[in-house]
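Chemist: Here you go, sequence then predicted model.
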Amino acid sequence: MRSFGLAFAAWFEKYTFLLIPGSLVLGWLLSDYLLDFVHWIPYLFGYITLIMALGCGIRHLQGVLKKPFAVILTLLLAHAAAPVLAYGLGSAVFGAQSAYTIGLLLFAIIPLGISSVMWVGSSGGSVPFILAVVVLDTILSPLVVPALMDMFIGDALVTWNSSELILDLLTMVVLPTLIGVMLYEVSKGRMKDWSAPVTQPISKLFFMLVVMLNAAAIAPHAAGMKDEMLVVIPVVLTLIVICYLLGYFGSYVMLGPTQEMQITFTYASGMRNISLGMVLATSYFSPQASIPVVLGIMFQQPAATVIHALFHRRRTRAVIYPE
C-alpha cells in the first residue's frame, strides 16, 4: 500500500501537464452531474493546502527571511510587475472595463502555486527557498489579493465583498497552512514522509476534483463564448509566457544570479495557485472573468514542461561544452 501510494503520487506529478487539462475537459463534459457538488470545493482545497504545508517548518521560513532581497524581489515580480502587465495587456486587447481583463488580472494576483515546488526540484532550483516563499505568500494572500484587486478595479467594474473574501482566504488558505506548519514542528518534520503514502495520493485526487468541479461550475456559461475564445486563448498564452520571462530576467536584478536561483525565480513568477484562482473566480466574479483563469490552468503546466526542457537542455550543453 505504501509503495503504491507513493508511486501514484509520482506518476501524477509526472503527467500533471496532461491530467489537469484532462480534468478540465471532464468537468465541462460532466457538468450536469457535478454541479451539485460544487460546494465541496473549499473543503477539498483546504485539505490540499494543509498537505502542502506539511513540508514546511519554522526553520524554512526563518531561512527565507535571511534572504530578504530575494523574497521581496520574488513577490514584487509576481504581485506587482505581473498584475500591471496583465492589466495592461487585457486593457489593450479587451478594454479596461472587460470581464476578461479582470480575469487576466486575477490570474496574475493569486498566490504562487505549490506545483512550482515540484518543477523547481526537478529542474535543479532551490526547493527550500521556493517552498518557504510559497507558504509565506499563501499566508499573506488575505491581505495581498483583496488589496490588489481593490487597487486595480475597486467597485467600479464588479461588486464584491472584500471582507468576505478575506475571511474565505483565512479559512481556506491561511488556517490549513498554519495547521500544516504546526504539524511539521510537532512531528519534527516526520509527518509528511510518514503520512505521504495516504495523504499525497488523496491530495492529488482532490486537486483533480477541484479542477473538475470549477470547470463544471462555469461550463453552462462558457458555451456561449466560443467565438471569443479565438482571441482570449492567445492573450492568456501571452500572459503566461510573460510571467515566466519576468522571473527569468528579473533574477538578474540580484546581480550575478546562480542558475539555481534563475530556475527558482522563473517558476515562482510563472506559476500560480490555480485551484485557489478557480475558487475565487467562480465565487466572486462573473463566468466571463473566470475564463482566463481556467485557460491559465490548461496552459500553465504544459508551459512549465517546456521551461523544464529548456533548462535541461542548457544544463546538458554546459556539461558537454564547459566554458
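Modeler: Perfect, thanks for sending it.

Chemist: which strands and helices sit next to the helix ranked longest in the chain?
Modeler: Ranked by residue count and defined by DSSP state H, the top helix of the chain is helix 287-320. With contacts taken as 3 or more Cβ pairs under 8 Å, 6 or more residues apart in numbering; DSSP states H and E, helix 287-320 sits against helix 16-29, helix 99-109, helix 115-123, helix 191-222, helix 229-250, helix 259-270, helix 274-284. Bear in mind the C-beta positions are built from the backbone N, C-alpha and C, glycine included.

Chemist: Where does pLDDT dip in the stretch 1-150 of the chain?
Modeler: 1-2 (pLDDT under 70).

Chemist: Tell me where it has helices.
Modeler: 2-14, 16-29, 31-34, 41-53, 58-65, 68-76, 82-93, 99-109, 115-123, 127-152 (DSSP state H, counting those that start in this stretch).

Chemist: would JSON lines of those with distance to W194 and mean neighbour count be doable?
Modeler: Below are these laid out as JSON lines (distance: least, Cβ to Cβ, whole Å; neighbours: other Cβ atoms under 10 Å):
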{"stretch": "helix 2-14", "distance to W194": "10", "mean neighbour count": "14"}
{"stretch": "helix 16-29", "distance to W194": "24", "mean neighbour count": "18"}
{"stretch": "helix 31-34", "distance to W194": "33", "mean neighbour count": "15"}
{"stretch": "helix 41-53", "distance to W194": "13", "mean neighbour count": "20"}
{"stretch": "helix 58-65", "distance to W194": "18", "mean neighbour count": "15"}
{"stretch": "helix 68-76", "distance to W194": "30", "mean neighbour count": "16"}
{"stretch": "helix 82-93", "distance to W194": "37", "mean neighbour count": "19"}
{"stretch": "helix 99-109", "distance to W194": "35", "mean neighbour count": "27"}
{"stretch": "helix 115-123", "distance to W194": "19", "mean neighbour count": "23"}
{"stretch": "helix 127-152", "distance to W194": "18", "mean neighbour count": "21"}
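
Chemist: Quickly note the distance from the residue lying closest to V135 once chain neighbours are set aside to K188.
Modeler: Nearest residue to V135 in three dimensions, chain neighbours excluded: C56, at 4.6 Å (Cβ to Cβ, 6 or more residues apart in numbering). Distance, C56 to K188, by Cβ to Cβ, to the nearest Å: 13 Å.

Chemist: More neighbours: these two, which one.
Modeler: C56 (26 against 8; other Cβ atoms under 10 Å).

Chemist: quick one, what contacts that one?
Modeler: Applying Cβ atoms under 8 Å, 6 or more residues apart in numbering, we find C56 in contact with L131, A132, V135, G180, V181, Y184.

Chemist: how close does the third one sit to Q259?
Modeler: Which is V135. In terms of Cβ to Cβ, V135 sits 24 Å off from Q259.
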